[in-house]
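Peer 1: The following block contains a protein sequence and its predicted model.
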Amino acid sequence: MYEKGYTHLIHSRAIVDPKAKIDSNVEIGPYTIIGAQVEIGAGTWIGPHVVIKGPTQIGCNNRIYQFASLGDNPQDKKYSGEPDTCLKIGNNNEIREYCTMNRGTVQGGSITQIGDDNWIMAYTHFAHDCHVGNHTVFANGASLAGHVHIGDYVILGGFTGVHQFCAMGAYSFAGAGSIIFKDVPPYITVWGNRATPYGINKEGLKRHQFSSETIRALHEAYKIIYKQNLTTEQAIEILKERSVSHSEINLLVTFLQQSTRGIVR
């Protein structure tokens, strides 16, 4: 049922545009459709009934399961067919059934970008102009609205929704069913509708080999932000002093300084 073509291995019932650039080591399953302006790197496996539209760039060693839709038009009323928007996906990502990832918009920077080593479960959605880092976990049904930024090692529980233009800092965690309307600082656990903070992501930090001393310092940083009735600006000044002895706090300081929506409270 598989035919080895001039440059790649594809199922005889797959439809691949001749303008697509596909490495010879890519496997494509039956009834999958690959459009023009799609680039796929070595070692990537694509199951049956997947649709990938360009411009889309997919790196190496990804696994893309059945019924995923990648690189289609952004779901944004401002989009009017601009040809120069794209979806970029890195390496070693697991992309499960019915996942949807849209291309960017000109107004949002033109690129939707997914990093490396992400574990993306079924029925997840990545809207236009989202930027996702590395080593993240998206449980079933998690969804990002447009222009969302997700840092490295973030975990989103099942059916979590993130409002447009929000950001989640590295190592943060959202419990199942969370609805996030504000920025989530690094290292923080949030849960609920609307999502509220529930301390630092202690178990996650342990898994990633943060020392006990660093975890204590981040716990104290959390209390400075949330437990001392300080403004964000006041908390930043105190955290700057603490970052001299604990460099991990710099990530918190930078995030708070750059937040445009305000943080979850």
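Peer 2: The structure has been received and is ready for your questions. Residues are numbered from 1 along each chain as shown.
Peer 1: Give me the domain ranges for this structure.
Peer 2: 2-147, 206-258 (automatic domain parsing).
Peer 1: so which of those is the most packed in?
Peer 2: domain 2-147 (a mean of 19; mean count of other CB atoms under 10 Å). (C-beta placed from N, C-alpha, C; glycine too.)
Peer 1: Give me the distance from that domain to the chain's centre.
Peer 2: 13 Å (CA atoms, centre = their mean, to the nearest Å).
Peer 1: for stretch 174-192, same thing?
Peer 2: 14 Å.
Peer 1: Report the rounded mean pLDDT for it.
Peer 2: The average pLDDT within stretch 174-192 is 98.
Peer 1: ok, now stretch 70-85?
Peer 2: Across stretch 70-85, pLDDT averages out at 93.
Peer 1: cool, and stretch 224-239?
Peer 2: Rounded mean pLDDT across stretch 224-239 is 97.
Peer 1: Tyr171 belongs to a strand?
Peer 2: No: Tyr171 is assigned coil when assessed by DSSP: H, G, I helix; E, B strand; the rest coil, not a strand.
Peer 1: Between the domains of the chain, which one is closest to Ala170.
Peer 2: domain 206-258 (6.2 Å; CB to CB).
Peer 1: for that closest one, how far is the first residue from the last?
Peer 2: 27 Å (CA to CA, to the nearest Å).
Peer 1: got it, and stretch 203-223?
Peer 2: 18 Å.
Peer 1: Quick check, His149 in contact with Cys130.
Peer 2: Yes: at 7.3 Å, His149 counts as touching Cys130 under the criterion of CB atoms under 8 Å.
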